[in-house]
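Chemist: 3D model of this:
(chains A and B)
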Amino acid sequence: MTSRWADTEEDAAEDARRKAEKAERKRLKAEKQRRAEEEAQLRAAAAAKNDTSNGPEYDHERPSKRRRLSHDHIPTTHEEERKLLRFDAPGWQPCRSVERFDRLNHIEEGSYGFVSRAKEEATGEIVAIKKLKLDAARDGGFPVTALREIQTLRAARHRHVVDLREVVVGGSGTGDVYLVMEFLEHDLKTLQEDMDEPFLPSEVKTLLLQLGSAVEFLHDHWILHRDLKTSNILMNNQGEIKLADFGMARFCRDPAPANLTQLVVTLWYRSPELLLGTSSYDSAIDMWSIGCVFGELLTKKSLLQGKNEVDQLSKIFELCGIPTEDTWPGFKRLPNARSLRLPSNSSTAQGSIVRSRFPTLTNAGASLLSSLLSLDPTKRPSAKEMLQDPYFQQDPRPKPTAMFPTFPSKAGQEKRRRQASPNAPIRGAAPGLQGDMDFSSIFKGREEEERGGGFQLKVV
Amino acid sequence: MAPISEASHLLNPLATSLQLETSASQLDGVPKDVEDSVRFETARLVQAAGILLRLPQEIIAQAIVTLQRFWTGPDGGSLLEHDSKDVAAAALYLTAKPSPYPISPRQVLTSFEYLSSLQPGQLSSTSIEGKLDSSWHLSDGEYEIARNKLYDIESHILRVVGFQTHVALPHTLCINYLQTLDVFQSADGSMVAKTAFAHLNSALLSPQLIYLTHQPSAIATAAIYLAAKEVGVKMPEVEWWEVFDLDREELGFLVVALRSIEGFALEHQRTFGKRAVPMTVPDLQVEIERSRMLEAGG
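Modeler: Modelled structure (predicted):
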């Protein structure tokens, strides 16, 4: 066969059939037209009759009838104009200067740059400007993290992702680069610190739905955020949240590349597979972080506040149970799992105590939180699945954003105090894949711990 | 139908007519034909270096498109600002950096150094791969100077293209369209795909800059049309290109553009013969002077 589109006998037969069909259609059409004409003549005759009997009424009716008739005569267009999709492509132009903005106040200093509130001189619009920390000798030219932040933010135009308006540069010779983004009054972390009570259950649902839709969009567009935490979730006074700080984000693929750095995500939000040193991971790491944010929104306190990697993993196991080959197949093959000394009687698996730690949470809520905090990444729901969870359908229903209370904005008015929470990991400081991380002490002194207060590792 | 305006990874930013009218190089006095030749040669250099560095064609193509964006328009970069071979190296380094195939400054500088040491005409020989032996390298002093220049130009490129480094390519769409058309069912199907890919890659060198004027879907469709004609594989006897949102006029334009590259390359070869194409600012100035004298003399 030379081509699917070459002529064969079948084609010839098909052609003949089509020709016959066409002829039939033509005949039918002619028939229809003939009948229409006949009808028209009849009507005209009737109208003429009417005309002679009662004139004024006829004058009133005639135009509409005529019009209808003429429609019947328009042949059904066979060759109607085909509509081709046209793309509205953006262009590019050299970066403009930061001097078009008046800096108003300093907001925050992150590991990737200084953020300030500023006003665009020409329009009077308030924006947030992030000055990137650049050091060509250290970063090998323009830092790859900043390149990825710009590329992923540009690819992630979504209602609940902060809008990168443009990239501007400092005066000639300074070499400074700034990201101009929309300004939002709050971030969830600072906001929570000033609230007397945690968010209401209905508010938590709304916040989670918004966060989930942003993360679903990112994952659909092959972007991993890799640093989800409450301080990176901005909120305006209309109860709308937007995801920010893409300094850790990158494009991914399926299957995941095998050489990803495991030094991503701020410690308290970092998933167990990252702590165990996996170098091939996927969107499930973001879902773990969402689980941590969920827990934090419920209580106003960070869920898992480890002092270091080892402590973090031990806190995770306290809350979620100790993994076994059944609950998390293959975890023992992860690089840092070698030094992990699990309790000898690990056959009696530790269950998750998520349910008992959140006594006021509904069953649906607790089961969603537990599934987000599955030790095995493959058992965590995707963002899409999370949004479908029954938790969001049950009472209390998610609160409309317009009903959210408003708060005085720290970012808008005054300098923020530094928070005592860990920062995102610094690139290049990644521990070696193997051997560097010693988890052997995690279960040291477990016996004493059992007797002591606080969380206990129950060994039956 | 409403235009699709949301950022899509399948779309490219396109040059405005103002940007296509002139270039910073032409404003600096580089004749259009010399500019075309230098840009053509630079794209070939990136392609050769990419092969040496065993980079996927995806990265090489994206680097060439970024380079084209940089040199386009009155606000673009000028060939008389930096040595074009250095700009080419920076574009390749910059493109590979956030990708899954990053390369080190030393790798990229060494391979460009090697390529610029070749005799004119050797670049096109297919045997260059594997000639790069480990004993061949830049001295530490040379390397440091070259590396700092690489970083400077990288940052310059980013500013000029406004950090617009997203490049969508037609290659995967091309395969997808060929599958949609059931072309792979025919014995010559893979030949059509190969020929279409050859056109897509040659088009990267085109002085008509079709990667800056047309969306990847349009370029892929035109490449398929031309490849099927050349291989002799029959396509549907309807205006099938409209399925891929290309109208006859654009198809015709693109097919002519794709077919004209060969002629341009031969003309380029005739013009320069054994002479090296000027890839540095001083060489380019000599070339501009030469062409001015030729013009005055002829």
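Chemist: could you list every residue that touches B:Gly29?
Modeler: Applying Cβ atoms under 8 Å, 6 or more residues apart in numbering or on different chains, one finds that B:Gly29 lies in contact with B:80, B:288. Quick note: C-beta positions are derived from backbone N, CA and C, even for glycine.
Chemist: Let me know the pLDDT of it.
Modeler: B:Gly29 is assigned 93 on the pLDDT scale.
Chemist: how close does it sit to B:Gln285?
Modeler: 9 Å (Cβ to Cβ, to the nearest Å).
Chemist: cool, B:Ala220 as well?
Modeler: Taken as Cβ to Cβ, the span from B:Ala220 to B:Gln285 is 40 Å.
Chemist: Likewise for A:Arg100?
Modeler: Going from A:Arg100 to B:Gln285 by Cβ to Cβ gives 36 Å.
Chemist: Settle it for me: which of B:Ala220 and B:Gln285 has more neighbours?
Modeler: Taking other Cβ atoms under 10 Å in any protein chain shown, B:Ala220 and B:Gln285 do not tie; B:Ala220 has more neighbours (28 against 14).
Chemist: Report pLDDT for A:Arg418.
Modeler: Confidence at A:Arg418, expressed as pLDDT, is 48.
Chemist: err, B:Asp140, not the other one
Modeler: 87.
Chemist: returning to what we had before: next, show the common contact partners of B:Gly29 and B:Gln285.
Modeler: Here B:Gly29 and B:Gln285 have B:Leu80 as joint contacts, going by Cβ under 8 Å, 6+ apart.
Chemist: for the longest helix seen in chain B, packing partners?
Modeler: Of all segments of type helix in chain B, defined using DSSP state H, the longest is helix B:248-272. Applying 3 or more Cβ pairs under 8 Å, 6 or more residues apart in numbering or on different chains; DSSP states H and E, we find helix B:248-272 packed against helix B:32-52, helix B:189-203, helix B:210-213, helix B:216-231.
Chemist: what residues does it touch?
Modeler: B:33, B:36-37, B:40-41, B:120, B:199, B:202-203, B:205-208, B:210, B:214, B:218-219, B:221-223, B:225-226, B:239, B:241, B:246.
Chemist: Equivalent analysis for stretch B:218-228, please.
Modeler: Under the criterion Cβ under 8 Å, 6+ apart, residues B:170-171, B:173-174, B:177-178, B:181, B:183, B:192-193, B:195-200, B:203, B:210-211, B:234-235, B:241, B:244-246, B:250-251, B:254-255, B:257-259 lie in contact with stretch B:218-228.
Chemist: what residues are up against B:Gln285?
Modeler: With Cβ under 8 Å, 6+ apart, B:Gln285 has these contacts: B:Leu80.
Chemist: Quick check: phi and psi on it?
Modeler: In terms of degrees, to the nearest 10, the main-chain angles of B:Gln285 are phi -60, psi -40.
Chemist: do the same with A:Arg253
Modeler: Per-residue torsions, A:Arg253: phi -150, psi 170 (degrees, to the nearest 10).
Chemist: Skipping adjacent residues, who's closest to it in space?
Modeler: Spatially, and ignoring its direct neighbours in sequence, A:Arg253 is nearest to A:Trp222 (6.5 Å; Cβ to Cβ, 6 or more residues apart in numbering or on different chains).
Chemist: contacting residues for A:Ala118?
Modeler: A:Ala118 sits in contact with A:101-104, A:126-129, where contact means Cβ under 8 Å, 6+ apart.
Chemist: where are the low-confidence patches of chain B?
Modeler: Chain B contains residues with pLDDT under 70 at B:1-7, B:120-136, B:298.
Chemist: Helices of the stretch 51-200 of chain B, residue ranges please.
Modeler: B:57-71, B:84-96, B:105-116, B:140-160, B:171-180, B:189-203 (DSSP state H, counting those that start in this stretch).
Chemist: where do the strands sit along the stretch 1-150 of chain A?
Modeler: Secondary structure of the stretch 1-150 of chain A (DSSP state E, counting those that start in this stretch): strands at A:96-97, A:101-109, A:113-120, A:126-132.
Chemist: Including mean pLDDT, could the ones you listed go into TSV?
Modeler: Below are the strands of the stretch 1-150 of chain A laid out as TSV (pLDDT from 0 to 100):
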stretch	mean pLDDT
strand A:96-97	92
strand A:101-109	84
strand A:113-120	88
strand A:126-132	93
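Chemist: Relative to B:Lys274, which of the ones you listed is closest?
Modeler: Taking Cβ to Cβ, strand A:96-97 is the member of the strands of the stretch 1-150 of chain A nearest to B:Lys274, at 45.7 Å.
Chemist: Remind me what the closest one packs against, helices and strands.
Modeler: Strand A:96-97 packs on strand A:164-169, going by 3+ Cβ pairs under 8 Å, 6+ apart.
Chemist: quick one: contacts of the strand it packs on?
Modeler: With Cβ under 8 Å, 6+ apart as the contact definition, strand A:164-169 has outside contacts at A:95-98, A:100-101, A:127, A:129, A:150, A:153-154, A:175-182, B:159, B:162-163.
Chemist: filter these to the buried ones?
Modeler: The neighbour count (16 or more other Cβ atoms under 10 Å in any protein chain shown) marks A:95, A:98, A:101, A:127, A:129, A:150, A:153-154, A:177-182, B:159, B:162-163 as buried among the contacts of strand A:164-169.
Chemist: on that earlier part again, identify the farthest-apart pair in the contacts of A:Ala118.
Modeler: A:Asp102 and A:Ala128 (13.3 Å).
Chemist: These two - which one has more neighbours?
Modeler: For A:Asp102 versus A:Ala128, the count of surrounding residues by other Cβ under 10 Å is larger for A:Ala128: 21 against 11.
Chemist: Please name the residues that touch the more buried one.
Modeler: A:Ala128 sits in contact with A:107, A:115-118, A:180-184, A:411, where contact means Cβ under 8 Å, 6+ apart.
Chemist: Tell me which of the helices of the stretch 51-200 of chain B is the most buried.
Modeler: Most buried of those by mean neighbour count (mean count of other Cβ atoms under 10 Å in any protein chain shown) is helix B:84-96; its value is a mean of 26.
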